[in-house]
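K.L.:
Using only what follows, build the 3D model:
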Amino acid sequence: MKLLKFTTIMNDDKRIVRLLYPQWQGGVVAHWMPDIPPEDAARGYYLGAHLLAMLAPPTTDRIVEVPVALDGDDRAAENGISGYRAILRQTEAALALMREYDPDRIVTLGGECSVSVVPFTYLASKYGGDVAVVWIDAHPDVTLPFDGYEGYHAMALTACLGLGDPQLMRLLPAKFDASKALIVGVRSWDDGMKRRQEELGVAGLAPAEVRADRSAVSDWLKRSGASKAVVHFDLDVLDPAEIVAGVGVEPDGLRIDEAVRIIRDIAAEHELVGLTVAEPMPRVALKLRNMLAELPLMK
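P.N.:
Next comes the predicted model:
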């Protein structure tokens with residue numbers, strides 16, 4: 001699918017970039033979606049990113065797209081990461097776009113969770129570490145290569161902390177201190193990941209905690225000492241009883257209005273310099289696409 005062409009005008013006062021980053025290679029997700037053909041499952045992130053771009057409000061900010069390969073042969077695992085070579089190339093391409101446009105603020109539409117790594121570490125470098133990261137996600141995303149699960153999307157937050165594959169880490173322009181990272185909406189951990197989160201010193205708030213205390217996130221941000229924030233919004237943080245928008249369907253998540261309120265509250269009290277919406281998995285669209293491909297006169 002090709003990105004629709006938008007007429008854009010650069011706002012030189014803010015230098016906001018809307019980054020379309022349809023990376024899919026970091027997701028190893030077929031086992032979570034038995035109703036979707038395996039060859040479609042991970043690449044559904046590519047379609048999901050482009051759907052987000054179509055659904056997002058019109059903007060006069062510059063829109064740029066990270067070139068992402070669709071070749072299934074790029075899924076080979078290397079150094080404990082599935083699709084390693086493709087992810088390496090696409091990380092370099094995303095960094096080149098950051099250097100070319102030098103944005104002050106970035107809205108990223110993904111793609112699996114690792115699409116936050118480049119824009120967030122770029123912003124951490126730009127603002128000298130005066131940035132806190134709020135990771136709104138059902139999962140902590142603190143795995144490392146060779147933990148057993150090879151999906152880079154589950155390593156996204158640890159990568160932002162500067163932990164992971166040495167070659168990828170050398171590319172990144174900065175890292176966050178764990179004391180400036182908060183996971184919101186977390187409620188599902190793979191084996192050992194809750195312990196790792198605790199060992200790293202990354203704070204976490206469950207959906208029930210932010211529901212009971214509306215100031216919990218704001219209070220943590222104040223304690224972080226950062227004047228700026230970046231927000232990663234993984235759609236699987238949302239309660240599947242209201243909407244199934246991502247891969248994960250962990251029960252008892254945030255409602256849409258709660259997630260939006262948290263992000264709006266952050267922006268009201270701190271300078272929001274980065275926002276990522278990630279992990280869209282358009283199950284219905286994938287099934288419709290496959291149905292259309294089977295109809296006479298369509299092929």
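
K.L.:
Looks to me like Val277 is in a strand.
P.N.:
Yes: under DSSP: H, G, I helix; E, B strand; the rest coil, Val277 falls within a strand.

K.L.:
Double-check it against Leu235; I have them as touching.
P.N.:
Yes: using CB atoms under 8 Å, Val277 is in contact with Leu235, at 7.0 Å. Any C-beta I mention is one placed from the backbone N, CA and C, and that applies to glycine too.

K.L.:
so what's the backbone phi/psi at the nearest residue to Met155 once chain neighbours are set aside?
P.N.:
Closest residue to Met155 apart from its sequence neighbours, by CB to CB, 6 or more residues apart in numbering: Thr143 at 5.1 Å. Main-chain torsions, Thr143, degrees, to the nearest 10: phi -70, psi 170.

K.L.:
what about Pro280, neighbour count?
P.N.:
Neighbours of Pro280 under the rule other CB atoms under 10 Å: 26.

K.L.:
Which helix or which strand is home to Val117?
P.N.:
Assessed by DSSP states H and E, Val117 sits inside helix 117-126.

K.L.:
what angle sits between the top helix by length along the chain and helix 117-126?
P.N.:
As assigned by DSSP state H, the longest helix anywhere in the chain is helix 84-101. In terms of direction (axes from the mean of the first three to the mean of the last three CA atoms, to 10 degrees), helix 84-101 departs from helix 117-126 by 40 degrees.

K.L.:
what angle sits between the helix or strand that helix 84-101 is followed by and helix 117-126?
P.N.:
Next in sequence after helix 84-101, counting helices and strands by DSSP H and E, comes strand 105-110. Interaxial angle of strand 105-110 relative to helix 117-126 (the same axes, to 10 degrees): 170 degrees.

K.L.:
Surely Gly246 is in a helix?
P.N.:
No: counting by three-state DSSP, Gly246 falls outside a helix, being coil.

K.L.:
Need the pLDDT of it.
P.N.:
Predicted confidence (pLDDT) for Gly246: 92.

K.L.:
What count of nearby residues applies to it?
P.N.:
Neighbour tally, Gly246, other CB under 10 Å: 27.

K.L.:
For the worst-scoring helix or strand of the chain on mean pLDDT, which outside residues touch it?
P.N.:
Ranked by mean pLDDT, DSSP states H and E, the weakest helix or strand in the chain is helix 38-41, scoring a mean of 85. If you take CB atoms under 8 Å, 6 or more residues apart in numbering as the criterion, helix 38-41 is touched by 27, 29-30, 32-33, 72, 286, 290.
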